[in-house]
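J.: The following comprises the amino acid sequence and a computationally predicted model.
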Amino acid sequence: MHIKDILLAPGSGAFFYDDQEAIRSGASQDGFIYVGKPITPGFTSIRIPASSLSIGLVLADDTVVWGDMMSVQYSGAGGRDDLFETDQISDLTSRVVAPRLLDADASLYLDACAKVFEPIGHERLPLAIEYGVSQALLRAAAYLQRKTMAEIICAEFDLPLPTCRVPIYCQSGDAREVNVDKMILKGVDILPHGLINSRQKFGVDGQTFMEFVKWVATRTRQIGRPGYHPVLHFDVYGWIGQEIGLEPQSIADFICKVADTVPDFTLNIESPADFGSTQAQIENYAKIVSILDNRGSIARIVVDERCNTLEDIRLFAEAKGAHLVQIKSPDVGSIADTARAVLICKANKVGAYVGGSCTETDLSAQASVHISVATQADIMLAKPGMGVDEAFSIVGNEQNRLLAMLNRRRAQNQNVG
């Protein structure tokens, strides 16, 4: 069950890496580019094409299984790893990770991950490496055991074979109106993200944002099929805190005000504020959650920034620092840790949203589907890219194929029994 060779292939992520600090500081857009100088280390311009690196594991029968490494869109922001550099990652993978892989038993998933991802000295491997290599190892174990990736996760974590689909959440990018229409026509479960990442999009006292929320609700009623009732989920990139102030009571008041404009919908507000550190984020988000719960509000808080690693997720879940935790898979590292993160959220009765980034690839998105379904996450992101059609197709079709295979497996097991 050993791996006999390693292949590396440079590739493209499905969107761009963006300098979040420069955008927050007021960089203007000129067409698709941002004008101005970058601020975050590693960026040569504010927006640069996302790169990725594929790793292929050559198995004993010459089958090659792949995984993809990359960073998230806003690399180097909110406590995240630095910008992805293909040459640096390729060199480290070849020197350190490849010899470990050649010595691993590819049929034992969690055991192989533990051995391959041992720290270098006291330094953890770059999370992009963990993410891509763990996908490849999961595909290797699935191939060798003649199972789906989801079944490998279920077996490793002692979970029952899942029967339910996971609701899919789409993101609009800057083409908000057109993409909202697409989401509604396709009957997406959760929409639209909205990319509310600048003062221009949020507006003075949040008025522009509130108008957009009302428009999405109205549009859903206008062109949605009878009975269609999606969850409305908006990512505001900390702008409530920046515009309204960092007092939890004021933030909760504003969120309730937004929720009151769309009383027939469940409202998710992601990243309402950035309090500057993980501990401050936990404490203040927990206060906002408590205020909303005590008021009986339909609004739910989703944490993203400052909640990156598995340990961060554990701290937020235990402190009830969100109604939903975005488990941003490339920031968590090993995709096995994404599974662990979902289970931690469930144990603490906090919602688990398996997210990620528009900069990912088809392979990483498909692997995320298997993790989401196996662990029965509450939400999974349609990815990669900022278009609706491609991401919804990749994630939705992979889920439907997986559930068809699992249903067949369940029937086979019942017949044998």
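T.: Okay, I see it.
J.: Grab the longest helix from the protein for me.
T.: Under DSSP state H, the helix in the chain containing the largest number of residues is helix 388-416.
J.: what about that helix, distance to the chain center?
T.: 20 Å (C-alpha atoms, centre = their mean, to the nearest Å).
J.: so for it, what's the average pLDDT?
T.: The pLDDT scores in helix 388-416 average 93.
J.: same check, this time on stretch 207-214
T.: In the prediction, stretch 207-214 has an average pLDDT of 98.
J.: what about the nearest residue to residue 385 once chain neighbours are set aside, which SS state?
T.: Nearest non-adjacent residue to residue 385, counting by C-beta to C-beta, 6 or more residues apart in numbering: residue 14, 3.8 Å away. In this view, the C-beta of every residue, glycine as well, is placed from N, C-alpha and C. Classification of residue 14 using DSSP: H, G, I helix; E, B strand; the rest coil returns strand.
J.: my read: residue 14 touches residue 384, true?
T.: Yes - the criterion here is C-beta atoms under 8 Å, and residue 14 meets it with residue 384 at 3.4 Å.
J.: more crowded one of the two?
T.: Using other C-beta atoms under 10 Å, the more surrounded residue of residue 14 and residue 384 is residue 384, with 29 against 23.
J.: Can you tell me how far the more buried one is from residue 399?
T.: Distance, residue 384 to residue 399, by C-beta to C-beta, to the nearest Å: 15 Å.
J.: Please apply the same query to residue 274.
T.: 32 Å.
J.: repeat for residue 237
T.: According to C-beta to C-beta, residue 237 and residue 399 sit 28 Å apart.
J.: Could you do residue 372 as well?
T.: The value you get for residue 372 to residue 399, if C-beta to C-beta is used, is 8 Å.
J.: who touches both of these two?
T.: Common neighbours of residue 372 and residue 399, using C-beta atoms under 8 Å, 6 or more residues apart in numbering, are 166, 380.
J.: who's more crowded, these two?
T.: Applying other C-beta under 10 Å to residue 372 and residue 399 shows that residue 372 carries more neighbours, namely 34 against 20.
J.: Show me the shaky parts of the stretch 101-250 of the chain.
T.: Applying pLDDT under 70 to the stretch 101-250 of the chain flags no residue at all.
J.: can you map out the helices along it?
T.: 109-116, 127-145, 149-156, 176-186, 199-202, 207-223, 239-244, 248-261 (DSSP state H, counting those that start in this stretch).
J.: Could you list the residues in contact with the fourth one?
T.: When contacts are defined by C-beta under 8 Å, 6+ apart, helix 176-186 is touched by residues 170, 172-173, 191-192, 194-195, 212, 215-216, 219-220, 223-224, 228, 230, 387-389, 392.
J.: Could I have the ChimeraX command that selects the buried members from those residues?
T.: ChimeraX command restricting these to the buried ones, with burial defined by 16 or more other C-beta atoms under 10 Å:
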select :170,172,173,191,192,194,195,212,216,219,220,230,387,388,392
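J.: what does stretch 239-250 rub up against?
T.: When contacts are defined by C-beta under 8 Å, 6+ apart, stretch 239-250 is touched by residues 24, 196-199, 201-202, 204-206, 209, 251, 254-255, 269, 272-275, 284, 287-288, 291.
J.: Need the mean per-residue confidence for stretch 35-52.
T.: So the average pLDDT for stretch 35-52 ends up being 95.
J.: starting at the chain centroid, how far to that stretch?
T.: The chain centre lies 21 Å from the centre of stretch 35-52; the measure is C-alpha atoms, centre = their mean.
J.: And for stretch 39-59?
T.: The chain centre lies 17 Å from the centre of stretch 39-59; the measure is C-alpha atoms, centre = their mean.
J.: For that stretch, measure first residue to last.
T.: One end of stretch 39-59 to the other measures 43 Å (C-alpha to C-alpha, to the nearest Å).
J.: The nearest residue to residue 345 once chain neighbours are set aside: what secondary structure?
T.: Spatial nearest neighbour of residue 345, chain neighbours left out: residue 352 (3.8 Å); criterion: C-beta to C-beta, 6+ apart. Following three-state DSSP, the label given to residue 352 is strand.
J.: Show me what residue 352 is bridged to.
T.: Under DSSP bridges, the beta-bridge partners of residue 352 are residue 325.
J.: Contacts only, for it.
T.: Contacts of residue 352 (C-beta under 8 Å, 6+ apart): 324, 325, 327, 341, 342, 345, 346, 375, 377, 378, 379.
J.: Most neighbours out of the residues you listed, which is it?
T.: Busiest of these [other C-beta under 10 Å] is residue 327, holding 33 neighbours.
J.: wait, isn't it in contact with residue 341?
T.: Yes - the pair residue 327 / residue 341 is scored as a contact, 4.4 Å apart, by C-beta under 8 Å.
J.: Surely residue 50 is in a strand?
T.: Yes - assessed by three-state DSSP, residue 50 belongs to a strand.
J.: Ignoring the adjacent residues along the chain, who's closest to it?
T.: Using C-beta to C-beta, 6+ apart, the nearest residue to residue 50 is residue 13, at 2.8 Å.
J.: do residue 399 as well
T.: Ranked by C-beta to C-beta, 6+ apart and with sequence neighbours excluded, the top spatial neighbour of residue 399 is residue 369, at 5.2 Å.
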